[in-house]
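Q: mind looking at a prediction? Sequence and model below.
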Amino acid sequence: MWVDIGIFALSAVQCYLFTLVAMLAARRLRLLDWPDKERKLHRRATPLMGGVAVILTLIVGVCEAQQLGQLGVANDGVSAQFPTRLLASAGLLCAIGLWDDKFGMRARSKFLLQSAAILPYVVWGRATTAVAVFGWQLDLAWLGIPLTLLWLVSCTNFVNLVDGLDGLATTVTLIVTLTVGVLSFLENQQTVFCLALVLSGALLGFLRHNWPPARIFLGDSGSLPLGFLAGALAIEASVKKAAGLTFAVPLVLLSVPMFDTSMAILRRKLNGMKIGQGDRAHIHHCLRDRGLTPTQTLLAIAGMCLATATAALLATIFHNDFLAVGICGVLLGLLIAGRVFGFNEVALLSRHVRAAWSFFATIPRALRTKFLLARFSPAQAEQQVVLWKHIVRQVQRMQGVSLEFTCVETATGRSLANLTWLASNPVLNEVPEWELSCAVPRGDGVLATVTAAGLVPPGGPGLRMTELLELFHAFCTHFPLDGQMRIPALNQYALDNTAHDARRPHILGGTWKELAFQAARNLPQGAIRSSDAA
């Protein structure tokens, strides 16, 4: 035990000293993060090589632990080479991040390089082949490699994206590694315990320089390997000899950065932004906007991570995954319900789901309209009746109050045909919210127009406006004109232009409403008055 404490303390001291050297080297190499007064609000240019100091300390600390015989006894080849392969992938990720800090890198290129750096560790190291989920045993077989790779690349980016506040990524990873140390100690996993101990000490020594206001940042050279290490060690500490990987423990351990990243991806995707495009809507930004200082924000998020870490420990002690997931779910639910973080994203997702549901709900009706137009024959008079009645039904479904069809000679202005439908029970205290009109010039010097107006139905009109326009265009184009109405079944909708007591509802801004309701009173059952067109 005293040797373990000594390794932890030595790692902290070594990282503290290595960080001082990294600060000087970063300034010499101009590896600095410059403030922009928008997202980067620190006061002066800050060195970015903190990750190099942490990874260097980890490598030195593991070598020292190996010399002291604290890495445990390896029972197989994979266990013996596990620390080496872990450090190799972490070193590659540190180099990728260092290049990105200096020269910049596209998000897609960075993702591919991260996968390439982690893949050797997964293939020749620790691919998960079995997962225990709430007591159910799942054999992943060949899927173990891609799923493990996906998890580790995701963890790499979880920590990378949460690294937007002084000391935040360092503190989150420190809490995760300390929890992994306790879990591995309980499960008697000496190698994982020693690795977690060395990394925790290095993070503690670095945090002395990274605490707000930070004198040095992790940079991508630190956040990328730390995310990978947190995910890999969480998996190692959760592996049970009999049941394989207990999935709930690593999931809950990293739930806070995972939740923040998931909301960022959701928010950007639904708002039409690129996933890699930065914004000021992460959890630490939301807390800062509520008036918390950087230190208070850091402590608040650290408290959330401590709560999830406690849940993971309780789940391991009591062998109950539901306990960990339940505590984690309550914590995240409180954040959303209290509108601290995630509420806007959930509301945005809900609106998109409702819009998608509204779209799919209109597809059957839209298909019926398409089929009607497909079998529509302009030469058959009864088809005109079917089409007009279908238009009336569509307008009724949209809470329409009026529908009018007119044909006029463009040269003389003479009216050739008028069809009008009015709602039989108009809502007098409601102001119509929509109006749709379609005018089709006919080849014989005639302008045919259909105009409808009404109230917005619950859930919005969806695709109904498009359906109506198609129906309007077909009716205007093919309505037969030979000087008089020759479809007797439509005579009940025809208005007598010479009758003064049956005024047509003209759609003229706010003046049409009184005319429509007056006409509705004069015309029984949906504007019925029989006569031929003028």
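A: Arrived safely, thanks for sending.
Q: only C-alpha atoms for contact and neighbour calcs from this point on.
A: Noted.
Q: name the next helix or strand downstream of whatever helix or strand A132 lives in, please.
A: Assessed by DSSP states H and E, A132 sits inside strand 130-133. Using DSSP H and E, the next helix or strand after strand 130-133 towards the C-terminus is strand 136-139.
Q: what ranges do the strands span in this structure?
A: Applying DSSP state E to the chain gives strands spanning 32-33, 46-47, 130-133, 136-139, 239-240, 244-246, 400-409, 415-422, 434-441, 446-454.
Q: list the buried ones in the strand holding A132?
A: Burial within strand 130-133, assessed by neighbour count using 16 or more other CA atoms under 10 Å, is assigned to 130-132.
Q: ok, so of the residues you listed, who is nearest D279?
A: V131 (35.6 Å; CA to CA).
Q: partners of that closest one in the sheet?
A: Note on V131: beta-bridge partners L138, L245, judged by DSSP bridges.
Q: so it makes contact with D139?
A: Yes - using CA atoms under 8 Å, V131 is in contact with D139, at 6.6 Å.
Q: longest helix in the chain, please.
A: Ranked by residue count under DSSP state H, the longest helix found in the chain is helix 343-374.
Q: state the mean pLDDT of that one.
A: In this model, helix 343-374 has a mean pLDDT of 87.
Q: likewise stretch 218-231?
A: Averaging pLDDT along stretch 218-231 gives 95.
Q: just how off-centre is that stretch within its chain?
A: What separates the centre of stretch 218-231 from the centre of its chain is 24 Å, taken as CA atoms, centre = their mean, to the nearest Å.
Q: can you list contacts of that stretch?
A: With contact meaning CA atoms under 8 Å, 6 or more residues apart in numbering, stretch 218-231 is reached by 48-52, 54-55, 86, 89-91, 93-98, 100-101, 151-153, 155-160, 163, 169-170, 173, 176-177, 210, 250, 254.
Q: can you rerun that using 6 Å?
A: For stretch 218-231, contacts defined as CA atoms under 6 Å, 6 or more residues apart in numbering pick out 48, 50-51, 90, 93-94, 97-98, 152, 155-156, 159-160.
Q: and of those, the nearest to L68?
A: Closest to L68, out of all of the contacts of stretch 218-231 and judged by CA to CA, is A90, at 22.7 Å.
Q: quick one, phi/psi of M49?
A: phi -100, psi 20 (degrees, to the nearest 10).
Q: residue contacts, it?
A: 22, 26.
Q: report pLDDT for it.
A: Predicted confidence (pLDDT) at M49: the value is 93.
Q: ok, now how distant is the most centrally placed residue in the chain from L348?
A: Taking CA atoms, centre = their mean, the centroid of the chain lies closest to L266, which sits 1.3 Å from it. L266 sits at a distance of 9 Å from L348 (criterion: CA to CA, to the nearest Å).
Q: thinking again about what came up before, please flag which of the contacts of stretch 218-231 sit within helices.
A: Per DSSP H, the subset of the contacts of stretch 218-231 in helices is 50-51, 90, 93-94, 97-98, 152, 155-156, 159-160.
Q: ok, of these, which one's closest to R365?
A: Of the ones in helices among the contacts of stretch 218-231, the one sitting nearest to R365 (CA to CA) turns out to be C155, at 45.2 Å.
Q: for that closest one, which non-adjacent residue is closest in space?
A: G227 (5.1 Å; CA to CA, 6 or more residues apart in numbering).
Q: can you pull out the low-pLDDT segments for this structure?
A: 37-42, 72-80, 125-127, 135, 240-246, 425-432, 456-463, 482-486, 495-534 (pLDDT under 70).
Q: quick one on the thing from earlier: so which of the strands of the chain gets nearest Q277?
A: Nearest to Q277 among those is strand 32-33; the distance by CA to CA comes to 17.5 Å.
Q: pull up the pairing partners for that closest one, direction included.
A: By DSSP bridges, strand 32-33 pairs with strand 46-47 (antiparallel).
Q: what's in contact with the partner strand?
A: With CA under 6 Å, 6+ apart, strand 46-47 has contacts from 23, 26, 31-33, 216.
Q: which two from those residues end up farthest apart in space?
A: Applying CA to CA across those, the maximum distance is between M23 and D33, 12.1 Å.
Q: those two: which is more packed in?
A: Using other CA atoms under 10 Å, the more surrounded residue of M23 and D33 is M23, with 22 against 18.
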